[in-house]
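S.K.: I need the structure of the sequence given here:
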Amino acid sequence: MRLPARLDVLDERPFRHVFGAQVVSLFGDGIVPVALAFAILDLTGSATDLGLVLAARTVSMVGCLLLGGVVADRLSRMRVMIAADVVRLVSQALLGVLLVTGRAQLWQLIALQAVLGGASGFFNPASSGVIPLVVGRHRLQEANALRGVALAAGGVAGPAVAGVLVATIGAGEALLADAATYAVSALLLATVHVADALHEPGDHATFLGDLRDGWREVTSRTWVWSIILVSSLVNMLGASFYVLGPVVARDALGGAGAWAVILVGCGVGQVVGAIAALRVRPRRPLLAAVLAAELGAVPLLLLAGEASLVSIVAVGVLAGIGGMLFNTLWETTVQREVPVEALSRVSAYDWFGSLTLAPIGLLIVGPLSAAIGVSATLWATGALELACASALLLVGDVRTLRAPS
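M.R.: Alright, predicted model coming up:
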């Protein structure tokens, strides 16, 4: 049966298998915010400890991104992704077993999340770089939009399942379910065969030489480095949502179920945004992306104002729509404008730059909220996040760069 025009990218078998792997893996990723947050809150009761565990994962991922980008451009991107999935499977399975058996200690959670983050530092640049290899360039936006659907579906189903699992059998069992999804992802990726060793090292056949080449690709485009810089600030400020959101849910909204519902709301918005991205073709994609991204600060402001759960979920839907439109339009523009042989390195700089400040946010939000209060911290971070996103509208290339006809 013929697929609708916007979905015929699924006719391409390699992309179909890559997409299937991401559907499964991202469902597992959707389990983690609820399961891990309440595992730590049950273990120590401390928002600061939650921040430490999340920061360990992020620091490790950031520390491996640049190496991961070079390795992915030099070697098989598919093999890098499979190896990363295997490492993440082992790490998350060990964490689940420790929690289920009642032997988990905070340092173990920190160490295992650091291992998982390091593996993701290799996986993410390879994943971004593999898309132009499994679809034609004229189908890039459709492919990225469908990846967004997978992310969004995981954001809906994962927290919903996690809320049930945590409430009924426990956080450790929920994390074991997440570990299983990495196994399925690795098996699906193993069936994909593409000629993806595109980068042939030349005179600068060194790690630093490859990094310099990738850096030139980034700095030669004002719109690339400015969006990466602002994304880093936004991700640092947005850390308060993941650290203080569960605290607000526990203290004022009813507990783990309420936090799961909020995350599901964000996921529903992402589904809507991803579907919209299959059809939306803005002539100025980066301008549209930035305007959509401004919605991301609104949930922080409603959490700060102690709004009702219904109101927070509603704005979470809007934020999810905006975030997904931004991600799809941004990734598609990068894939169109950057040479494919350098794409994993540019993606590595994107991930690296965007996440560099996030661990700082994760580490300071807990102590800051203890000093000035949860509400005041959420008000401040939400207002600053909105201001940072709006500042991108001052960049000429962001306003004027046009999509190809």
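
S.K.: residues contacting residue 267?
M.R.: Contacts of residue 267 were listed using C-beta atoms under 8 Å, 6 or more residues apart in numbering, and they are 30, 152-159, 320. Glycine gets a C-beta too; all of them are placed from N, C-alpha and C.

S.K.: Cross those against helices and list the overlap.
M.R.: In helices, judged by DSSP state H, the following of the contacts of residue 267 are found: 30, 152-159, 320.

S.K.: Of all these, the one with the weakest confidence?
M.R.: Looking at those by pLDDT, the weakest one is residue 155, with 66.

S.K.: Please export the C-alpha coordinates of stretch 254-262 as CSV.
M.R.: These are the backbone C-alpha positions of stretch 254-262, laid out as CSV (Å, rounded to 0.1, in the frame of the first residue of the first chain):
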residue,chain,number,x,y,z
GLY,A,254,0.3,15.1,44.3
GLY,A,255,3.6,13.3,43.7
ALA,A,256,5.1,11.1,41.0
GLY,A,257,1.9,10.8,39.1
ALA,A,258,1.6,14.5,38.7
TRP,A,259,5.2,14.8,37.4
ALA,A,260,4.5,12.0,35.0
VAL,A,261,1.4,13.8,33.7
ILE,A,262,3.4,17.0,33.2
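
S.K.: Go ahead and name everything in contact with it.
M.R.: Contact partners of stretch 254-262, identified using C-beta under 8 Å, 6+ apart, comprise 34, 37-38, 159-160, 162-163, 166-167, 245-246, 249-250, 253, 299, 309, 312-313, 316.

S.K.: quick one: which of the residues you listed sit in helices?
M.R.: With helices taken from DSSP H, the overlap with the contacts of stretch 254-262 comprises 34, 37-38, 159-160, 162-163, 166-167, 245-246, 299, 309, 312-313, 316.

S.K.: Just checking, which helix or strand of this structure averages the lowest pLDDT?
M.R.: The helix or strand of the chain with the poorest confidence is helix 140-168; it has a mean of 77 (mean pLDDT, DSSP states H and E).

S.K.: thinking again about what came up before, of the ones in helices among the contacts of residue 267, closest to residue 281?
M.R.: Distance ranking of the ones in helices among the contacts of residue 267 against residue 281, using C-beta to C-beta, places residue 152 first at 19.6 Å.

S.K.: Show the average pLDDT along stretch 398-405.
M.R.: Confidence over stretch 398-405 (mean pLDDT, whole number) is 83.

S.K.: which of the residues in that stretch are buried?
M.R.: 398, 401, 403 (16 or more other C-beta atoms under 10 Å).

S.K.: With stretch 132-150 instead?
M.R.: Residues of stretch 132-150 classed as buried by neighbour count (16+ other C-beta under 10 Å): 132-135, 139-150.

S.K.: for stretch 273-281, same thing?
M.R.: By neighbour count with 16+ other C-beta under 10 Å, stretch 273-281 contains the buried residues 273-278, 280.

S.K.: got it, and stretch 369-382?
M.R.: Going by neighbour count (16+ other C-beta under 10 Å), the buried part of stretch 369-382 is 369, 374, 377-382.

S.K.: what does it rub up against?
M.R.: When contacts are defined by C-beta under 8 Å, 6+ apart, stretch 369-382 is touched by residues 47-48, 237-240, 243-244, 247-248, 297-301, 303-306, 361, 365, 368.

S.K.: can you give me the helices for the stretch 151-300 of the chain?
M.R.: For the stretch 151-300 of the chain, applying DSSP state H, counting those that start in this stretch gives helices covering 171-189, 207-219, 222-248, 256-277, 285-293, 298-304.

S.K.: What is the distance between the fifth one and the centre of its chain?
M.R.: Relative to its parent chain, helix 285-293 has a centroid offset of 18 Å by C-alpha atoms, centre = their mean, to the nearest Å.

S.K.: so residue 382 is in which element?
M.R.: Residue 382 is located in helix 374-391, with elements delineated by DSSP states H and E.

S.K.: cool, and residue 65?
M.R.: For residue 65, the element it lies in under DSSP H and E is helix 47-74.

S.K.: so what secondary structure elements neighbour that helix?
M.R.: With contacts defined as 3 or more C-beta pairs under 8 Å, 6 or more residues apart in numbering; DSSP states H and E, helix 47-74 has these neighbours: helix 13-43, helix 77-100, helix 106-134, helix 207-219, helix 222-248, helix 343-355, helix 358-372.

S.K.: so that helix versus helix 222-248, what angle?
M.R.: Per axes from the mean of the first three to the mean of the last three C-alpha atoms, to 10 degrees, the angle that helix 47-74 makes with helix 222-248 is 150 degrees.

S.K.: follow-up on the earlier one: deepest of the helices and strands packed on helix 47-74, which one?
M.R.: helix 343-355 (a mean of 25; mean count of other C-beta atoms under 10 Å).

S.K.: from the chain's centre, how far out does that one sit?
M.R.: Mean-position distance between helix 343-355 and its chain equals 12 Å (C-alpha atoms, centre = their mean).

S.K.: Who are the packing partners of it?
M.R.: Contacting helix 343-355 under the criterion 3+ C-beta pairs under 8 Å, 6+ apart are the following elements: helix 47-74, helix 106-134, helix 207-219, helix 222-248, helix 309-337.

S.K.: out of those, nearest to residue 171?
M.R.: Of all these, the one in closest proximity to residue 171, counting by C-beta to C-beta, is helix 106-134 (10.8 Å).

S.K.: For the closest one, what is the distance to the chain centroid?
M.R.: Taking the mean of its C-alpha atoms, helix 106-134 sits 11 Å from the chain's own mean (C-alpha atoms, centre = their mean).
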